[in-house]
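*Asks:* Fold the following.
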Amino acid sequence: MPNERPLPQTTALFVIDVQERLASVMPDASAIENTGRLIDGARALGSTVPVLREKLETLVVPPRALEKLDFDACDDAGVRAELDALRERGVRTIVLSGMEAHICVAQTARGLVDRGFRVLVATDATASRAPENRRLAEGLWLAAGATPSSTEAVLFDLVQRASGDAFKAISKLVR
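*Replies:* You can find the predicted model right below:
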């Protein structure tokens, strides 16, 4: 499964801890901007399931915003139930973004891989307060069995063709 192409109907977007207080101490806003692109891309593709409060009501598959206390979101019973529901609907790939890259994103990536999901981390849609921790995060994702990617790479992988309405919408998002 590591090199399997992600498909919109079998891929979900999982956004970790993009909360106002935490976001305010991040060195720049690019992770939030790119998470927004992923959500807008999900809308254009029509079947991914993000977990971020803003922009979510318009997605085809209803999103779920879940509170958690565990660094590995997979340790939370509500998140596990949601993951089980996604698996029952055929989801095999999770696109992961969020904060902090070296803590919650890394631990959740490991938890998702342990539960049999293929994990693509949209690296430019992640952040850590300290640049050295953000740099460290990629090694942690790789060690966990996740695949580092980017917002643009994920979106174009999911759209698959340089034609149609979804392609046009995705192209506008990455300009």
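
*Asks:* what about the helices in the chain?
*Replies:* For the chain, the helices defined by DSSP state H occupy 20-23, 30-45, 77-88, 106-114, 131-144, 151-159, 164-173.

*Asks:* Average pLDDT for the shortest one, rounded please.
*Replies:* Just to be clear, that refers to helix 20-23. This predicted structure assigns helix 20-23 an average pLDDT of 66.

*Asks:* Now do the contacts for the residue nearest the centre of the chain.
*Replies:* For the chain, residue 96 is the residue whose C-alpha lies nearest the centre (Cα atoms, centre = their mean; 2.5 Å). The contact partners of residue 96, taken as Cβ atoms under 8 Å, 6 or more residues apart in numbering, are 14-16, 105, 108-109, 112, 119-122, 126, 146. All C-beta atoms are positioned from the backbone trio N, CA, C, and that covers glycine.

*Asks:* hmm, back to that, any chance of the helices of the chain in JSON lines with distance to residue 7 as columns?
*Replies:* JSON lines is the format used below for the helices of the chain (distance: least, Cβ to Cβ, whole Å):
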{"stretch": "helix 20-23", "distance to residue 7": "30"}
{"stretch": "helix 30-45", "distance to residue 7": "10"}
{"stretch": "helix 77-88", "distance to residue 7": "14"}
{"stretch": "helix 106-114", "distance to residue 7": "17"}
{"stretch": "helix 131-144", "distance to residue 7": "22"}
{"stretch": "helix 151-159", "distance to residue 7": "7"}
{"stretch": "helix 164-173", "distance to residue 7": "12"}
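
*Asks:* All set now, cheers.
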